[in-house]
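Visitor: show me how the following folds:
(3 chains)
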Amino acid sequence: MGRSPCCEKAHTNKGAWTKEEDDRLIAYIRAHGEGCWRSLPKAAGLLRCGKSCRLRWINYLRPDLKRGNFTEEEDEFIIKLHSLLGNKWSLIAGRLPGRTDNEIKNYWNTHIKRKLLNRGIDPATHRPLNEAAAQEVATISFSGAKEEMEKNSNLLLCKDEKTPTQERCPDLNLDLRISPPYQPQPELLKTGGRTLCFVCSLGLQNSKECSCSMGSPGSSSGTATGYDFLGLRTGVLNYRGLEMK
DNA sequence: AAGTCCCACAACCGCATTTGA
DNA sequence: GTCAAATGCGGTTGTGGGACT
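Guide: Now for the predicted structure:
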């Protein structure tokens, strides 16, 4: 079945918005609130399609938008979130007040991608660009015997440091993506002969939701399972929260 | 000064998902 | 339960402006 066009294209303006169009849109939304985008253009006297109005409002006109450059903290936060969520720009934007998905997407494509490439990281996979390094890191994944686990837990630390850092060990989060599409089973994960519930895999060993036996605090397996990589506990929690929305 | 290239970002397009009759 | 409309999302494109030659 075909879809009807979202608007009468023959009678709509396209391209950059004029000041007058912006003013009309702002005035209308101030008076009537957001929503009902399909009927908004006509009601507001705009020769634009509803989608275009929505996009203009969300990405540019909304009063709560934070204009201006991204900070270094925002950069790093976006990178961390992207390593967890992938190209889920709206979810990422949801964790960055005042930023829009479109803005973050553009910023990712123009700045952060290059930044990661300069670090030797593939921005799509967050793996090292170096194939050999990538393969080594791949062994960190939820597999293998105890030696493998110990070896891998060492890999999570920089040779000359006691704590993992993204700057010097850009491969840390690479094979440990724990976003839902990569969960082989929704509830339990196999890890080197032991089972690890999804809650534990997210770094919530002490949670009452934990349904496995991995929950002992201080367990060395914690690092090996990768739940604490990049110090992303908070980010993981946020992701869970977002998914609940 | 003129022409070209490159980058950043706003906007568009098509598909997916949600909503409601 | 089904279907169409409405909305949301992510990928891609178009364009303006600055940098460079």
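Visitor: okay, now the unreliable bits of chain A?
Guide: Residue ranges of chain A with pLDDT under 70: A:1-11, A:131-245.
Visitor: contact residues of it facing DNA strand B?
Guide: A:3, A:6, A:9, A:13-17, A:48, A:51-52, A:55-56, A:59-60, A:102-103, A:105-107, A:109-111 (Cβ under 7 Å from any atom of the strand). All C-beta spots, glycine's among them, are computed from the backbone N, C-alpha and C.
Visitor: so residue A:102: helix, strand or coil?
Guide: Classification of residue A:102 using DSSP: H, G, I helix; E, B strand; the rest coil returns helix.
Visitor: what is the neighbour count of it?
Guide: 15 (other Cβ atoms under 10 Å).
Visitor: touching, it and residue A:57? I think so.
Guide: No: Residue A:102 is not in contact with residue A:57 according to Cβ atoms under 8 Å; the separation is 11.8 Å.
Visitor: if we can go back for a sec, show me which of the residues of chain A next to DNA strand B are buried.
Guide: In terms of neighbour count (16 or more other Cβ atoms under 10 Å), the buried residues within those are A:17, A:48, A:52, A:55-56, A:103, A:107.
Visitor: dump these to JSON lines, plus distance to DNA strand C.
Guide: JSON lines is the format used below for those (distance: Cβ to the nearest atom of the strand, whole Å):
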{"residue": "A:17", "distance to DNA strand C": "12"}
{"residue": "A:48", "distance to DNA strand C": "13"}
{"residue": "A:52", "distance to DNA strand C": "10"}
{"residue": "A:55", "distance to DNA strand C": "7"}
{"residue": "A:56", "distance to DNA strand C": "12"}
{"residue": "A:103", "distance to DNA strand C": "11"}
{"residue": "A:107", "distance to DNA strand C": "11"}
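Visitor: how about those residues in JSON lines, adding secondary structure?
Guide: Formatted as JSON lines, the entries for these read as follows, by three-state DSSP:
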{"residue": "A:17", "secondary structure": "coil"}
{"residue": "A:48", "secondary structure": "coil"}
{"residue": "A:52", "secondary structure": "helix"}
{"residue": "A:55", "secondary structure": "helix"}
{"residue": "A:56", "secondary structure": "helix"}
{"residue": "A:103", "secondary structure": "helix"}
{"residue": "A:107", "secondary structure": "helix"}
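Visitor: and residue A:20, how many neighbours?
Guide: Other residues lying near residue A:20 total 9 when counted by other Cβ under 10 Å.
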